[in-house]
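Undergrad: the sequence isn't on hand, but the structure is:
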């Protein structure tokens, strides 16, 4: 009897999981959706887990809910008989031991024709797609998909005779399940994504009703994150003592290597877990960077705190700035620079700005001699005058995207533009008179003068492989010549750089002032820092990252070597990224003695130390705000739309400023537009936000749809921003007729 009971019990234990399994539906590892062009003559496909050989699919197709009896494969040819009908599909997935999963997938109505494109297709690396089309999702800003960094689903619905879509939708899927909140073309990879299947799904709807849809998989495997504990240094900072790096808690299978730092620079040859203290290290910050590597995992590094108990010096950020402003003598040289002013520029403002340019000219005299340079100064009240003035100089006005009025009205001054017209340097600056001007404004002239020095080397100032150099270098020298001489504690300098770092949060969808960029720097992950040095981010990234790199290079190697590298790279950069990368490898190594690919490691300790100082400066800035005020943005020059200066807006009410212009028929917000909206929303207590699309009596119904969507998207972002700031307000979307041609298609933002 016992044996029979034992057999029955064993059978029960074996059969129980099988019974439970039979009640479990199939779980697809890909999204189940429809992809293709919904136009007569095209083929649409059902996307399903084709790579899973254990799953057997079946398909039913419908037009306006009526089954298409002859259609039973994963694809459907859209004939003329289907024009005007909405396509849908029923996809059934079967798998042995599981219950069937039946998914109803809704498509779109079939349009009468397909879009035509004169260019046919487009190519990116090894992939070619027709217009409209999407490339497979790829890593953005990094060589391979990496946790914490973004992947990008690049879709091009343009270049066809159907115009620009009035709506574009993105969604991301992990192992077949839609990821909450992932609805942009960029998606930031999370820890849970490692080792899993990631898909991007896209849909574009055109004004004529045509719909294009696509779904593609991220083709590259996502490495797992390596667990690497923050290293701790055991030992004391005394001459001849032995310091030991401890990484208790790290992945035991990781291969570890070491780099010791003294005074925020790597010590040559100090690459073991032990370090003997030298006389040169006494009183300095001694740290160790531990690098961890393991197959199938992302390589990481982590930086220790300075040796515990040592009386070390913090980062001396004033050192590079003082090297600049103490490194030249002022002269009375009359440079070939012509100054033009609008009627509202005060004599005092003109004298102030001319003195700053003179200072920059004296400093750079060994590198650049002005030849026929023209400087134009205007104020916030000179938009009409500036338009009239520039109308007689078309070679200037053609270099100002959106027109000078949009710059003046959108930025409330505090901006500058530098460019070459008629083979001569031109500099236009919107200045503030009297008490409206602050110390922060004094960086503008020297900043732009640095661009003139760069233009002397190459009229094309675009760099794809060292994206921070042009603006970052100009920003550093603008601060060093215009602000630092009067800013002994670097109060304004640090707040300015911290202000740029806040834009990283805004652009990447984080809460304002979280300082994700500074988190990244303080972690001591040299691989992430190197990504920041090579990725093509926003102009704000270039200001923040480029200024900090400039500080370190000037502090450790001097101004002249830094400038020598810039000149050599601009002269030899080549015509594409590969040629530029090769040119920079040689130029950087020849000047600094190590590879550019190792710069992230070399600056890791300095970046960590400076990031803490920037946080402290920003925190003091917030504490110094009056009750109810929000953290101010800090202006920076350089030919891009800038937020307001250090005092912030004077009033919480801003009357109908125009959002930076949309390009072509675009309706999606750009980074600069989002930054502009955020600037207005965070300016005070908000009761209502009104977004008004401007149109004329001659605006077509198709264009009006586009203009309305622009206003809708503007207010949608404003609402999201209010929520993130812990506030709320009424959101109103309007349209308004205008007789001013230049305003047609723009969006006004009224905040009160």
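TA: Yep, it's here. A quick note: this is a predicted structure, and the numbers were derived from the prediction, not measured.

Undergrad: the domain parsing of this protein - what is it?
TA: For the chain, automatic domain parsing gives the domain ranges 33-137+150-181+196-214, 226-313, 337-623, 671-751.

Undergrad: quick one: which of the ones you listed is nearest residue 189?
TA: With CB to CB as the criterion, residue 189 lies closest to domain 33-137+150-181+196-214 of those, at 6.3 Å. C-beta coordinates here come from the backbone N, C-alpha and C atoms, glycine included.

Undergrad: give the partner strands of the helix or strand where residue 172 lies in its sheet and their orientations.
TA: Residue 172 is located in strand 167-174, with elements delineated by DSSP states H and E. Strand 167-174 has the following sheet partners, assigned by DSSP bridges: strand 177-178 (antiparallel), strand 198-205 (antiparallel).

Undergrad: tell me the most buried of the ones you listed?
TA: Compared across the strands paired with strand 167-174, strand 198-205 shows the largest average neighbour count, a mean of 23 (mean count of other CB atoms under 10 Å).

Undergrad: what is the lengthiest helix in the chain packed up against?
TA: What stands out as the longest helix in the chain, according to DSSP state H, is helix 701-724. Judged by 3 or more CB pairs under 8 Å, 6 or more residues apart in numbering; DSSP states H and E, the packing partners of helix 701-724 are helix 671-681, strand 688-695, strand 730-737, strand 747-751.

Undergrad: of all those, which lies closest to residue 546?
TA: Residue 546 lies closest to helix 671-681 among the helices and strands packed on helix 701-724, at 17.0 Å (CB to CB).

Undergrad: now the strand holding residue 172: buried residues?
TA: Residues 168, 170-174 are the ones in strand 167-174 that count as buried (16 or more other CB atoms under 10 Å).

Undergrad: can I get those in JSON lines with distance to residue 325 and pLDDT?
TA: What follows is those, written out as JSON lines (distance: CB to CB, whole Å; pLDDT from 0 to 100):
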{"residue": "168", "distance to residue 325": "49", "pLDDT": "92"}
{"residue": "170", "distance to residue 325": "48", "pLDDT": "95"}
{"residue": "171", "distance to residue 325": "52", "pLDDT": "96"}
{"residue": "172", "distance to residue 325": "49", "pLDDT": "97"}
{"residue": "173", "distance to residue 325": "54", "pLDDT": "97"}
{"residue": "174", "distance to residue 325": "52", "pLDDT": "96"}
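
Undergrad: phi first, then psi, for residue 376.
TA: The phi/psi pair for residue 376 (degrees, to the nearest 10) reads phi -120, psi 120.

Undergrad: on that earlier part again, TSV for the helices and strands packed on helix 701-724, including mean pLDDT, distance to residue 710 and mean neighbour count?
TA: What follows is the helices and strands packed on helix 701-724, written out as TSV (pLDDT from 0 to 100; distance: least, CB to CB, whole Å; neighbours: other CB atoms under 10 Å):
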stretch	mean pLDDT	distance to residue 710	mean neighbour count
helix 671-681	72	9	22
strand 688-695	89	6	21
strand 730-737	87	10	14
strand 747-751	86	5	22
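
Undergrad: adding distance to residue 233, write the ones you listed out as JSON lines.
TA: Below are these laid out as JSON lines (distance: least, CB to CB, whole Å):
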{"stretch": "helix 671-681", "distance to residue 233": "40"}
{"stretch": "strand 688-695", "distance to residue 233": "52"}
{"stretch": "strand 730-737", "distance to residue 233": "53"}
{"stretch": "strand 747-751", "distance to residue 233": "51"}
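
Undergrad: returning to what we had before: which of the domains of the chain sits most buried?
TA: Scoring the domains of the chain by mean count of other CB under 10 Å, the most buried comes out as domain 337-623, with a mean of 20.

Undergrad: what are the boundaries of the helices in the stretch 301-450 of the chain?
TA: Here the stretch 301-450 of the chain has its helices, by DSSP state H, counting those that start in this stretch, at 318-325, 347-363, 383-391, 394-397, 404-411, 444-457.

Undergrad: give me the contact list for the first one.
TA: The contact list for helix 318-325, computed with CB atoms under 8 Å, 6 or more residues apart in numbering, reads 363, 476-477, 479-481, 484-485, 488, 490, 493, 550-552, 554-555, 558-559.

Undergrad: buried sites along that helix?
TA: 318, 320-322, 324-325.

Undergrad: and it, what's its mean pLDDT?
TA: For helix 318-325, mean pLDDT is 96.

Undergrad: list the contacts of the strand holding residue 172.
TA: For strand 167-174, the external contacting residues (CB under 8 Å, 6+ apart) are 30-31, 153, 155, 157, 178-179, 182-185, 187, 192-193, 196-205, 667-668, 709.

Undergrad: before we move on, what about stretch 706-724?
TA: 164, 166-167, 207, 511-512, 659, 662, 665, 667-669, 673-674, 677-678, 680-682, 686, 689-695, 699, 728-729, 731-735, 745, 747, 749.
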